[in-house]
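Asks: could you look at this predicted model? Sequence included:
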Amino acid sequence: MMINSLSLLLNKGYLLEQNREQDSPIPIFKTFGQLLEENALPISVVFIFLLLVALILIVLKKKKKMKTDLNEPEPIDPFEEALSCIETLQSQRPPLSAKPFVFRLSEILRIYVERVFKVPAMELTGEEFMKEIASHSFFKNRYDQSLREFIDQGDQIKYSKEKTDDGQMSLLLDTALHFVKDTHAKMLEKEKIAHPVQS
């Protein structure tokens, strides 16, 4: 009996559904819309989390920038700074002795040259400094003699065991002051020529 019913079912061509004529496969892939619909909550959570992380990073970056802006002092004009340093050196009481005075004056002059003319003046010896100056376009046929005298006299004071008189130090100070003021005036003239004011 059981064999008969099994052969009957096999002859009919279907086992489960009588009305079903053929099998159609269950879809394996879902559309993008279906996937979004089914996973709306986790996607929203991830999106909100990423948005919050981005906002926190932006706020932290702005705070860091504000902090560095507050810490950075206003840039000082090299000319004004050099004049101020020379004036401070000149009016220092009690005055510095010859060697520290010349070292400081030389340092002021070199910092000024380094900042204005982009010459690595602080790292150079006197001779290297003169060579660098001679090759710079601004210094062509200018200041050679005065700078040479300044460096030679400065070196003589720095490395000599003899006592230096105030006249030599005063002369060095005047040379440095003249150099700073004159180069600044010539730079301003050069800038006016390069960028004339339109009226």
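Replies: Here it is on my side, so go on. Numbers count the residues shown, from 1 in each chain.
Asks: how many residues are close by K161?
Replies: As a burial measure, K161 scores 4 neighbours (other Cβ atoms under 10 Å). In this view, the C-beta of every residue, glycine as well, is placed from N, C-alpha and C.
Asks: an error on my part: the question was meant for T183.
Replies: Neighbours around T183, by other Cβ under 10 Å: 20.
Asks: residues contacting it?
Replies: The neighbours of T183, taking Cβ atoms under 8 Å, 6 or more residues apart in numbering as the test, are V116, F138, Y143.
Asks: of these, just the buried ones, ChimeraX syntax please.
Replies: To isolate the buried ones among these in ChimeraX, judged by 16 or more other Cβ atoms under 10 Å, type:
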select :116,143
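Asks: ok, the contacts of T183 vs Q153, which is closest?
Replies: Y143 (14.8 Å; Cβ to Cβ).
Asks: avg pLDDT for the helix or strand encompassing V45?
Replies: Taking DSSP states H and E as the criterion, V45 maps to helix 40-71. Averaging pLDDT along helix 40-71 gives 85.
Asks: okay, domains of the chain per the record?
Replies: Listed domain ranges for the chain are 38-71, 78-193 (source: automatic domain parsing).
Asks: beyond the lowest-mean-pLDDT helix or strand in the chain, next helix or strand please.
Replies: Within the chain, confidence by mean pLDDT, DSSP states H and E is lowest for helix 2-12 among all helices and strands, at a mean of 56. Downstream of helix 2-12, the next assigned helix or strand under DSSP H and E is helix 32-38.
Asks: what does that next one rub up against?
Replies: In this structure, residues lying in contact with helix 32-38 by Cβ under 8 Å, 6+ apart are K30, I43.
Asks: low-confidence stretches in the chain?
Replies: 1-28, 69-74, 164, 197-199 (pLDDT under 70).
Asks: for K158, what are phi and psi?
Replies: The phi/psi pair for K158 (degrees, to the nearest 10) reads phi -60, psi -40.
Asks: contacting residues for it?
Replies: K99, V102, F103.
Asks: residues of the helix or strand K131 falls within that come out buried?
Replies: Per DSSP H and E, K131 falls inside helix 126-135. Buried residues in helix 126-135, defined by neighbour count with 16+ other Cβ under 10 Å: G126, F129, M130, E132, I133.
Asks: if anything else comes up later, I'll come back, but that's it for now.
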